[in-house]
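K.L.:
return a 3D structure for these sequence lines:
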Amino acid sequence: MRPIGFSTGALAYGDFREALRMLAGKDVQTLELSALRQCELVPLLQAIPSLDLSGFAYVSIHAPSQFEPNWEGALWEQLAGDVATRWPIVLHPDAIIDFGLWRELGASICIENMDKRKPIGRTARELSEIFKQLPDATFCFDIGHARQFDPTMTEAWLILREFGSKLRQLHVSEVNTRSKHDCLSYASILAFQEVAHLIPESVPLILETPVPEWDIDAEIAKVREALPVKKKTIAA
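P.N.:
Reported below is the predicted structural model:
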């Protein structure tokens, strides 16, 4: 069974403590601590020693997706120490100004593919250019972004075939025409099933679907339907 959990930012906008409360007692094994906005990062990092994360087998942290250009060095310093040695750091490629800076963190950096709004990182070809500059970086595949960019799932297939060996985690949601995360629909479930066989069972799933607390279990069930594990055949 695929390890599954949530991004704190999806469950409780800007309130990681509330998101952790919502997940308490749920059958989740993975967690992404979200600091998508520049102002959220320092409070999150300061709070980490007081957070009980012992129930999660996999934890990552999502770096800010936008920040002031002159803050990139300070951001790097915040993440380059204890955080980088403990957890993958999910980073949007279009936010990077100095690739040399992030190259120093090697496999701790987890590059995410982008939605149609962004100028880079949307296709296998564009990701190839990014990974040339960050050769040791790992990969966060956002399957909702891939489907929004190409509803036929051809680009998703190309990305997974090209960068499957770098795959560290998945972001799962439906991404609408306004590039906002939504809960999975029947159409997105069918689309995701087309490439599920390319995703190893052990890769952690991080849901970015904005669900209320009472719908968490139902949304997890939908994701498991969308990304089934291929059953192994037993030789006679």
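
K.L.:
excluding chain neighbours, what is closest to the residue most central in space within the chain?
P.N.:
The geometric centre of the chain, computed from its C-alpha atoms, lies nearest to H171 (C-alpha atoms, centre = their mean), at 3.8 Å. In this structure, H171 finds its nearest non-sequential neighbour in D142, 4.0 Å apart by C-beta to C-beta, 6 or more residues apart in numbering. C-beta here means a position set from N, CA and C on the backbone, and glycine is covered the same way.

K.L.:
which stretches of the protein have low pLDDT?
P.N.:
Low-confidence segments of the chain, defined by pLDDT under 70: 231-236.

K.L.:
my guess is S7 meets P204, correct?
P.N.:
No: taking C-beta atoms under 8 Å as the definition, S7 is not a contact partner of P204, at 11.5 Å.

K.L.:
quick one on the thing from earlier: show me the contacts for the residue nearest to the centre of the chain.
P.N.:
The contact partners of H171, by C-beta atoms under 8 Å, 6 or more residues apart in numbering, come to 7, 112, 140-145, 206, 208.

K.L.:
can you check E174 too?
P.N.:
Listed by C-beta under 8 Å, 6+ apart, the contact partners of E174 are 144, 147, 181-185, 188, 209.

K.L.:
out of those, who's the most crowded?
P.N.:
Most neighbours among these, by other C-beta atoms under 10 Å: G144, with 26 neighbours.

K.L.:
so what's it up against?
P.N.:
Contact analysis of G144 by C-beta under 8 Å, 6+ apart lists 115, 171-175, 181, 188, 208.

K.L.:
could you dump those residues into TSV and include distance to G73 and secondary structure?
P.N.:
What follows is the contacts of G144, written out as TSV (distance: C-beta to C-beta, whole Å; DSSP: H, G, I helix; E, B strand; the rest coil):
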residue	distance to G73	secondary structure
D115	27	coil
H171	27	strand
V172	32	strand
S173	31	coil
E174	36	strand
V175	31	strand
H181	30	strand
S188	39	helix
E208	28	coil
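
K.L.:
same list (the residues you listed) but as CSV, adding distance to P228.
P.N.:
Formatted as CSV, the contacts of G144 follow (distance: C-beta to C-beta, whole Å):
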residue, distance to P228
D115, 25
H171, 18
V172, 13
S173, 18
E174, 17
V175, 21
H181, 22
S188, 14
E208, 20
